[in-house]
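> coords please:
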Amino acid sequence: MRTRQGLRRIRTWARAIKRDVHALYLAARDPRTPWYAKALALTIAAYALSPIDLIPDFIPVLGYLDDAILLPLAILLAVRLVPADVMAEHRAAADRAEGRPISRSAAAFIVGLWLAAAAALLWWLWPRVVR
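Next up is the predicted model:
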């Protein structure tokens, strides 16, 4: 009995997180949202909606750390930075939305970060390898 209640609570929490990510995406495009909240909300929404993780899931512990702990904490921080009335309006809009938004630009951003990190690593290692 407790297991079912626990699973129901986890599902409800996961739906709320998904709704808040969509609401943050909408709030990031709202002119009533302060610039710092927009920047954080857009970054978090892009990362959450991207099919590419910054830390791949196959890396033990760290791979799931960003999805299970860091991302929900970042979402919570961004939600607190967005004005309450704006967030409530966009949560209602996210509830009405049928599907999850697809963000190709977010995927491109994450791929760009990976490429920049690879280029920086190559630039740093090149003089040490080629001797």
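
> Which helix or strand in this structure has the lowest average pLDDT?
Of all helical and strand segments in the chain, the minimum by mean pLDDT, DSSP states H and E falls on helix 62-65, at a mean of 75.

> how deep is residue 20 tucked in, by neighbour count?
Look at residue 20: counted by other CB atoms under 10 Å, it has 25 neighbours. C-betas here are computed from N, CA, C, even on glycine.

> Please verify my assumption that it contacts residue 75.
Yes. Between residue 20 and residue 75 there is a contact at 5.5 Å, judged by CB atoms under 8 Å.

> which strands and helices sit next to the helix or strand that the least confident helix or strand of the chain is followed by?
Downstream of helix 62-65, the first helix or strand assigned by DSSP states H and E is helix 71-81. When contacts are defined as 3 or more CB pairs under 8 Å, 6 or more residues apart in numbering; DSSP states H and E, helix 71-81 sits against helix 2-28, helix 35-49.
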